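A.B. asks: just a sequence and a predicted model for now, questions to come.
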Amino acid sequence: MSQDHGSSVDTDAVRRRLEAERSELLSKAGPPTVSNPLTPDERDSDEADAAVSTDLRERAMWLAEDTRQKIEMIEQALQRLERGVYSRCESCGGTINPERLEALPYATQCIRCQKQAEHQGRRQSRGRNHADG
Ligand SMILES: [Zn+2]
């Protein structure tokens, strides 16, 4: 079946792409696996090992945060697909350029609104960093 509406977005392809990306992210975002418990023989590398595991833990946490955000964006995009408003700008209701969606599948605004938002965001710089670490 081919429903071709001229220059509109190929939602099937987009959905497949988003779902593939999401499952990939989810597989990465899983709990860290401790696959090799240390045997007494390996204990002479204590210090180096501790350093490495701390580094890995920090990186995993950072990745999890980043990954979670991305998964949220993907799920939003999938919902928008389902509602049939995928290529509609959330701000002005206009159509988001298909080329833009191709490059940025989770875009929720047309390029004009995006630029406006960026401009406003720069003027009123938020002083709200989550600084609790
Ligand atoms: Zn717009």
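C.D. replies: Received it, and whenever you're ready, just let me know what you need.
A.B. asks: just give the number of residues close to residue 60.
C.D. replies: The tally of other residues near residue 60 (other CB atoms under 10 Å) stands at 15. Yep, even glycine has a C-beta here, placed from its N, CA and C like the rest.
A.B. asks: can you confirm residue 58 is in a helix?
C.D. replies: Yes - according to DSSP: H, G, I helix; E, B strand; the rest coil, residue 58 belongs to a helix.
A.B. asks: and it, how many neighbours?
C.D. replies: When neighbours are counted by other CB under 10 Å, residue 58 registers 10.
A.B. asks: switch to numbering from 15
C.D. replies: Understood, numbering begins at 15; the last thing we discussed is residue 72.
A.B. asks: which residues touch it?
C.D. replies: With CB atoms under 8 Å, 6 or more residues apart in numbering as the criterion, no residue contacts residue 72.
A.B. asks: pLDDT wise, what is it at?
C.D. replies: For residue 72, the pLDDT comes out at 75.
A.B. asks: residues from this protein in reach of the ion?
C.D. replies: With CB under 5 Å from the ion as the criterion, the chain meets the ion at residues 103, 105, 106, 108, 124, 127.
A.B. asks: go again using 6 Å as the cut-off
C.D. replies: 103, 105, 106, 108, 123, 124, 126, 127 (CB under 6 Å from the ion).
A.B. asks: for residue 91, state which of those residues is nearest.
C.D. replies: residue 123 (12.3 Å; CB to CB).
A.B. asks: which secondary structure state does the closest one sit in?
C.D. replies: Applying three-state DSSP: residue 123 is coil.
A.B. asks: burial measure for it, as a count.
C.D. replies: Applying other CB under 10 Å, we find 18 residues neighbouring residue 123.
A.B. asks: that one contacts residue 107, doesn't it?
C.D. replies: No - in this structure residue 123 lies outside contact range of residue 107 using CB atoms under 8 Å: 10.6 Å.
A.B. asks: give me the buried subset of the residues of the chain next to the ion.
C.D. replies: 103, 123, 124, 127 (16 or more other CB atoms under 10 Å).
A.B. asks: neighbours of residue 95, how many?
C.D. replies: 19.
A.B. asks: and it, what does it touch?
C.D. replies: Per CB under 8 Å, 6+ apart, neighbours of residue 95: 25, 28, 29, 32.
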